[in-house]
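Engineer: show me the folded form of this:
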Amino acid sequence: MNRRQILGSMAASGLCWQKAAFAQTGQGRGAAATSREDFAGVVPRRLVFPKDHGAHPAFRTEWWYLTAWMQASTDGVADGRNGLDYEGFGLQLTFFRRRTGLGESNPSRFAPRQLLLAHAAVSLPANGLYRHDERAGRVGVADVRYSENTTDLGLNGWTFKRLASGQYLAEFTLRTRSKLTLGLYPRQPPTLRGVNGLSQKGPGRDYASYYYSHTHMRVELEAPTNEPDLPLPARSQGLGWFDHEWSSSILPPGAVGWDWIGIHLLNGGSLMAFQLRSRERQALWTEFDERDAQGNRTSRSSSTKVQWQPIGQWRSPNSLAVYPRGWILRLEERRRLEIRPVMPNQEFDGRSSTGIVYWEGAVELYESGQRIGRGYLEMTGYAQAMQL
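Structural biologist: Below you'll find the model as predicted:
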């Protein structure tokens, strides 16, 4: 066996171990696994920046999540009101941190105490194309790292970093020879979700997360132009939505997944909503949070007061999972909002990293027949129950 074959075998073995650790701890099994009580819990506290931009390794699960609507740019200036009145493409980049609960007393740096995983995808509705890529690694080995002081993530050549200026920089691939480079520029202070950054996910204190967002971020993307299977402009600019969330217990009993939207509104505001869903597709918990152009909350509803009504069905040719083709959101019978995906096939197959298959795609939001915003919809727990 030559050196390349040996390294490939080692990498494959490591990936299998990472996926097994992710699944095992997600289900709470394994004699060597840390018990639920050993993970940090979510309690009311004031979020402190910039430290809370960093990782929180005492918690079980954490993610840094970016979505954006992009358009080609030749002069560095995006056209259209709020960057939303144009046809373009969708972009998604997510880094996950996972405390496995395994090997925590093992002094070896190869012990899989913490995993980093990452997903990236683009949706090109004009071409009907969806392209994605993924990474996975154990923290502590070469080029797999995080910082507890600010956002500074590295994973096998992919990076996501917050600078002292508040700007974010990221590099990743989409099964390309060359990297894509992102610059992210916040325009507003962090938006604290729930109550002062504590987002309830069910009754009682056991099911909650710390959660904040940066909405209306200016996003600049440089992409390789010599990739025939990835028809992206060399330079593009758009409007981005960034979430940072961490928890040790986010799914209440009976929940198999969630449906979530993050929408930039044409009037300059924003809208975030989610529901946690049972196997019978009944809502167990919902949240609706609408903000004006200054980031002030204009409408909020929690518990089960927001109704998510599926529109039609779409069956994935890859996973065979059946997803709603769209959604109607009814807010206490006062408003009716319609979520329309820009294309049906935006399913992310993450079985080579997290082991999870989910739908993550660009959508438009309508009210009274008029488009009022664009953003992203995430639907999990349709291919298999989420294990978090």
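
Engineer: in the stretch 251-388 of the chain, which spans are strands?
Structural biologist: 255-265, 270-278, 283-291, 297-303, 306-311, 314-315, 322-323, 326-331, 335-341, 347-350, 356-367, 370-379 (DSSP state E, counting those that start in this stretch).

Engineer: and these, which one's lowest on average pLDDT?
Structural biologist: Among the strands of the stretch 251-388 of the chain, strand 297-303 has the lowest mean pLDDT, at a mean of 80.

Engineer: contacts for that one?
Structural biologist: With C-beta atoms under 8 Å, 6 or more residues apart in numbering as the test, strand 297-303 has contacts from 194, 200, 269, 285-292, 331-332. For every residue, glycine as well, the C-beta is placed using N, CA and C.

Engineer: again, only using 6 Å
Structural biologist: By C-beta atoms under 6 Å, 6 or more residues apart in numbering, the surrounding residues in contact with strand 297-303 are 287-292.

Engineer: would you list those residues in TSV and tack on distance to R138 and neighbour count?
Structural biologist: Converted to TSV, the contacts of strand 297-303 look like this (distance: C-beta to C-beta, whole Å; neighbours: other C-beta atoms under 10 Å):
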residue	distance to R138	neighbour count
E287	34	22
F288	38	21
D289	35	20
E290	40	18
R291	38	22
D292	44	14
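
Engineer: and those residues, which is closest to P112?
Structural biologist: Closest to P112 out of the contacts of strand 297-303 is E287 (33.0 Å), distances taken as C-beta to C-beta.

Engineer: what bridges to the closest one?
Structural biologist: E287 has the following beta-bridge partners by DSSP bridges: F274, S302.

Engineer: quick one: it and F274 touch, right?
Structural biologist: Yes. E287 is within contact range of F274, at 5.5 Å (criterion: C-beta atoms under 6 Å).

Engineer: overlap of the contact sets of these two?
Structural biologist: When contacts are counted by C-beta under 6 Å, 6+ apart, E287 and F274 have no shared neighbour.

Engineer: strands of the stretch 101-250 of the chain, start to end?
Structural biologist: Using DSSP E, counting those that start in this stretch, the strands of the stretch 101-250 of the chain run over 114-124, 129-138, 144-145, 152-155, 158-162, 168-172, 180-185, 191-192, 198-200, 208-222, 235-249.

Engineer: centroid-nearest residue for this protein?
Structural biologist: Y65 (4.0 Å; C-alpha atoms, centre = their mean).

Engineer: and the gap between G355 and S73?
Structural biologist: Distance, G355 to S73, by C-beta to C-beta, to the nearest Å: 37 Å.

Engineer: go on, L198?
Structural biologist: 38 Å.

Engineer: P344 too?
Structural biologist: According to C-beta to C-beta, P344 and S73 sit 28 Å apart.

Engineer: now the contacts of strand 297-303 as TSV including distance to A40?
Structural biologist: Below are these laid out as TSV (distance: C-beta to C-beta, whole Å):
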residue	distance to A40
E287	22
F288	28
D289	25
E290	31
R291	29
D292	34
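
Engineer: just name the closest of these to T225, please.
Structural biologist: Set against T225, the nearest of these by C-beta to C-beta is R291 (36.8 Å).

Engineer: so the closest one touches S270, yeah?
Structural biologist: Yes. Assessed by C-beta under 6 Å, R291 is found in contact with S270 at 4.9 Å.

Engineer: okay, now the unreliable bits of the stretch 101-250 of the chain?
Structural biologist: Low-confidence segments of the stretch 101-250 of the chain (pLDDT under 70): 109.

Engineer: at 90 instead, please
Structural biologist: 101-113, 126-127, 140-142, 176-177, 188, 202-206, 225-231, 249-250 (pLDDT under 90).

Engineer: if the residue nearest to the centre of the chain is in a bridge, with which residues?
Structural biologist: On the basis of DSSP bridges, Y65 is bridged to T94, D243.

Engineer: roughly how far apart are it and P189?
Structural biologist: Going from Y65 to P189 by C-beta to C-beta gives 18 Å.

Engineer: excluding covalently adjacent residues, which one is nearest to S209?
Structural biologist: Distances taken as C-beta to C-beta, 6 or more residues apart in numbering place S247 nearest to S209, at 3.6 Å, with adjacent residues excluded.
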